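**Student:** give me the fold of what follows.
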Amino acid sequence: TDLIKLINEGRISGKMAKEVFEEMFVGGKDPQALIEEKGLAQISDESAIAGFVDKAIEANPMVVAEYKAGKKQAIGFLVGQIMKASRGQANPKLVNEILQKKLQ
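**Tutor:** Predicted structure coming up:
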C-alpha cells in the first residue's frame, strides 16, 4: 500500500514502481528507502523540468520547426530527449504540459 501511495502522490512513475516492487519482493525493504537508495524519485519540480525542456528545444531546432509546421508527433521525440536527459525521472505529464506551453 505504501508503494501505491507513492504512485498516487506522483513521487514515482509506474515504471519506477515496477522496479521498486521487484526489489521489495526480493529484499523486503521499505519502498521509500529503496527510492532514496536507488535515486528513483520522480522529478515534479516545474522549474527543474522547464530547464530540461529548454535544453531539448535549444538542441533540436529542426524538430521544433517540424512541430510548429504541424507535425504534432515531433513532440514525442522531444519528450524522449527530456526523459533521457532526466534519466527517466521527470514527471512525463509535467514534461508534456511544459513542453506544449513553450512550443505555442
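
**Student:** so which strand or helix has E58?
**Tutor:** helix 46-59 (DSSP states H and E).

**Student:** residue contacts, the residue nearest the centre of the chain?
**Tutor:** When CA atoms, centre = their mean is applied to the chain, the residue found nearest the centroid is A90 (2.5 Å). Neighbour list for A90: 42-43, 48-49, 52, 82-83 [criterion: CB atoms under 8 Å, 6 or more residues apart in numbering]. In this view, the C-beta of every residue, glycine as well, is placed from N, C-alpha and C.

**Student:** quick check: bridge partners of it?
**Tutor:** For A90, the beta-bridge partners under DSSP bridges are I43.

**Student:** what about it, distance to L6?
**Tutor:** 16 Å (CB to CB, to the nearest Å).

**Student:** repeat that for L78.
**Tutor:** Distance, L78 to L6, by CB to CB: 27 Å.
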